[in-house]
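A.B. asks: Below: sequence and its predicted model.
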Amino acid sequence: MPNPHAAMSLHNQTLSQLRDGLKQGSFTPVDIAESCIAAVRQHDESIGAFLSFDAEAILAAARQADISLPLGGLPIAMKDNINVLGQPCTCGSKFLENTYTSPYDAGVSRKLREAGAIFFGRTNMDEFAMGSSTENSALCRTVNPIAPDRIPGGSSGGSAAAVAGHLVPAALGSDTGGSIRQPASHCGIVGLKPSYGRVSRYGVVAFASSLDQIGPMTRSVADAALVLQAIAGHDAQDSTSLPLAAPDFSATLHHGVKGLRLGLPKEYFAEGLDSAVRAAINATVEKLTAEGAEIVEISLPHTSYAVATYYILAPAEASSNLSRFDGIRYGHRANAPADILSLYERSREEGFGPEVKRRIILGTYVLSSGYYDAYYTKAQKVRTLIRRDFDEAFAKVDAILSPVAPTPARLIGSCSNPLEDFMADVCTIPVNLAGLPAISVPLADAALPIGLQIITPHLSEALLLQIAQTVEQLNVWWSSAMIILARKSRKW
Ligand code: GLN
């Protein structure tokens with residue numbers, strides 16, 4: 001018999017709990033949708049996680065949902081750079097605000113639709129995914145739901161805040177240099193960047209195509225496995241998508257860490273690492289040892305070159321990818337231009353924000369003749385060295401543990417220069433350069449959310465999730481408690 005009061009708190013439940021409840025007939029997809037919609041209406045004015053949100057369409061989809069499907073009737077929020085047929089897709093930019101409606105589904109959207117998920121709103125992000133705080137969104141400000149005077153991280157800050165704020169159980173984000181893992185770490189949720197090629201990039205607005213991946217942001221490791229299962233696998237429309245069937249990511253979740261060799265790269269624990277981050281990681285490392293894991297100190301010697309390498313390659317690719325925004329094919333078009341050149345120039349001048357312009361200038365510079373070899377070609381070579389560091393490390397260890405971010409979430413508006421923001425990704429960027437899977441799992445023992453990064457070899461997401469599951473069990477699941485505290489003290 002459905003419980004009429006259940007809908008009140010369904011937005012607090014994880015995907016797995018909701019799925020079980022649906023199967024048992026305890027509530028319906030409409031109950032879930034209503035609960036999440038009510039949570040958004042009540043709290044999102046202060047959080048700012050969503051850019052757009054169509055309650056009627058969500059309820060209509062919930063009424064039609066087929067709960068026999070793997071994600072049947074379960075709401076998932078989408079970062080606003082992933083195309084969903086008929087929905088806006090602004091990329092947090094004025095360029096696409098009010099001027100673009102997706103004419104098709106991205107590969108991941110099609111897979112989620114086939115798995116029965118309900119698309120639950122579009123989440124805020126740094127403009128075109130360039131940033132680490134979501135402060136670069138041209139459209140809205142997002143706060144960290146756990147500590148509302150702080151950034152949620154970025155660029156998938158809206159997705160992280162929606163999940164951490166218990167507005168929705170899961171979201172998709174994109175990660176080019178850390179944009180799933182870093183906001184997950186800052187908001188105390190789970191964020192997984194899959195191996196390059198594991199998940200289709202078709203229909204995701206490209207930032208740096210050789211680095212971008214789409215992945216789940218959830219409140220539990222089991223939920224990340226569930227969503228990854230739905231979105232992984234070959235897509236003929238993305239030539240970089242690998243023609244491999246996804247293994248069962250949930251099957252080995254509870255296999256523990258006994259006998260596994262876990263590497264701590266000394267370069268990631270160098271000076272400059274916040275003491276609270278260091279302490280939280282140390283506490284978990286001790287617990288993992290007690291569980292039977294063997295901890296090994298390793299070296300990834302080219303780590304210090306990763307940020308510089310990334311800030312040549314990512315802007316180079318971005319400057320090319322963003323050339324499609326010309327005022328003619330998509331989005332904003334300048335009024336009454338004198339000629340075609342001024343139409344291009346003025347549309348781009350008016351439509352793009354400062355960080356996007358900075359990246360385009362940087363990227364155009366490093367690709368220009370005379371500088372190409374000195375910067376772009378050199379950076380490609382260093383990328384290979386960074387990838388080899390990981391290959392050599394994985395000959396010695398099964399997985400690598402590191403911080404996700406060198407500090408907990410900083411205060412909103414406290415960033416004094418772009419370089420400071422660039423350094424927020426010092427621990428996550430190398431993983432994108434190497435194309436590896438990695439996850440952020442929340443740690444206990446800290447006043448602010450802090451994530452542990454786990455990195456495993458290419459295509460070994462099942463092992464990644466298995467270790468993450470143990471880390472989750474070893475850390476008190478504190479998110480729900482924190483959210484109640486945050487709500488009490490900050491009145492949202
Ligand atoms: N913060 C990094 C950047 O600004 C990474 C962003 C991302 O992963 N999308 O480029």
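C.D. replies: Nice, I can see it. Everything quoted here is computed from the prediction, not taken from an experiment. Residues are numbered from 1 along each chain as shown.

A.B. asks: what sits against the residue most central in space within the chain?
C.D. replies: For the chain, residue 180 is the residue whose C-alpha lies nearest the centre (CA atoms, centre = their mean; 2.0 Å). Contact analysis of residue 180 by CB atoms under 8 Å, 6 or more residues apart in numbering lists 156, 159, 173, 174, 191, 192, 193, 215, 217, 440. The C-beta positions use only the backbone N, C-alpha and C, and glycine is treated the same way.

A.B. asks: did I read that right, the fifth one in a helix?
C.D. replies: No - counting by DSSP: H, G, I helix; E, B strand; the rest coil, residue 191 falls outside a helix, being strand.

A.B. asks: neighbours around the closest residue to it other than its chain neighbours, how many?
C.D. replies: The shortest distance from residue 191 to any non-neighbouring residue, by CB to CB, 6 or more residues apart in numbering, is to residue 184 (2.7 Å). By other CB atoms under 10 Å, 38 other residues sit near residue 184.

A.B. asks: these two touch, right, residue 184 and residue 451?
C.D. replies: Yes - using CB atoms under 8 Å, residue 184 makes contact with residue 451 at a distance of 5.9 Å.

A.B. asks: quick one: common contacting residues for those two?
C.D. replies: 191, 404, 440, 442.

A.B. asks: Distance of the closest residue to the last one other than its chain neighbours relative to the ligand?
C.D. replies: I take that to be residue 442. Nearest non-adjacent residue to residue 442, counting by CB to CB, 6+ apart: residue 188, 4.5 Å away. For residue 188, the distance to the ligand (CB to the nearest ligand atom, to the nearest Å) stands at 19 Å.

A.B. asks: gap between residue 188 and residue 163?
C.D. replies: Counting by CB to CB, to the nearest Å, the gap from residue 188 to residue 163 is 10 Å.

A.B. asks: do residue 416 as well
C.D. replies: Separation of residue 416 from residue 163 (CB to CB): 29 Å.

A.B. asks: all helices in the stretch 51-200 of the chain, in order from the N-terminus.
C.D. replies: For the stretch 51-200 of the chain, helices defined by DSSP state H, counting those that start in this stretch occupy the ranges 55-64, 107-114, 157-164, 181-187.

A.B. asks: for the third one, the distance to its chain's centre please.
C.D. replies: This means helix 157-164. Relative to its chain's centre, helix 157-164 lies at 9 Å (CA atoms, centre = their mean, to the nearest Å).

A.B. asks: send the alpha carbons of it over as CSV?
C.D. replies: Provided in CSV are the C-alpha atoms of helix 157-164 (Å, rounded to 0.1, in the frame of the first residue of the first chain):
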residue,chain,number,x,y,z
GLY,A,157,29.2,23.0,-9.3
GLY,A,158,25.4,23.0,-10.0
SER,A,159,25.3,19.2,-10.3
ALA,A,160,27.3,18.8,-7.1
ALA,A,161,25.1,21.3,-5.2
ALA,A,162,21.9,19.7,-6.4
VAL,A,163,23.0,16.3,-5.2
ALA,A,164,24.7,17.5,-1.9
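
A.B. asks: Any part of it near the ligand?
C.D. replies: No - Helix 157-164 lies out of reach of the ligand by CB under 6 Å from any ligand atom, never closer than 10.7 Å.

A.B. asks: between residue 188 and residue 163, which one's more packed in?
C.D. replies: Per other CB under 10 Å, whichever of residue 188 and residue 163 has more neighbours is residue 163, with 34 against 31.

A.B. asks: mind pulling up the phi and psi values for residue 232?
C.D. replies: phi -80, psi 160 (degrees, to the nearest 10).
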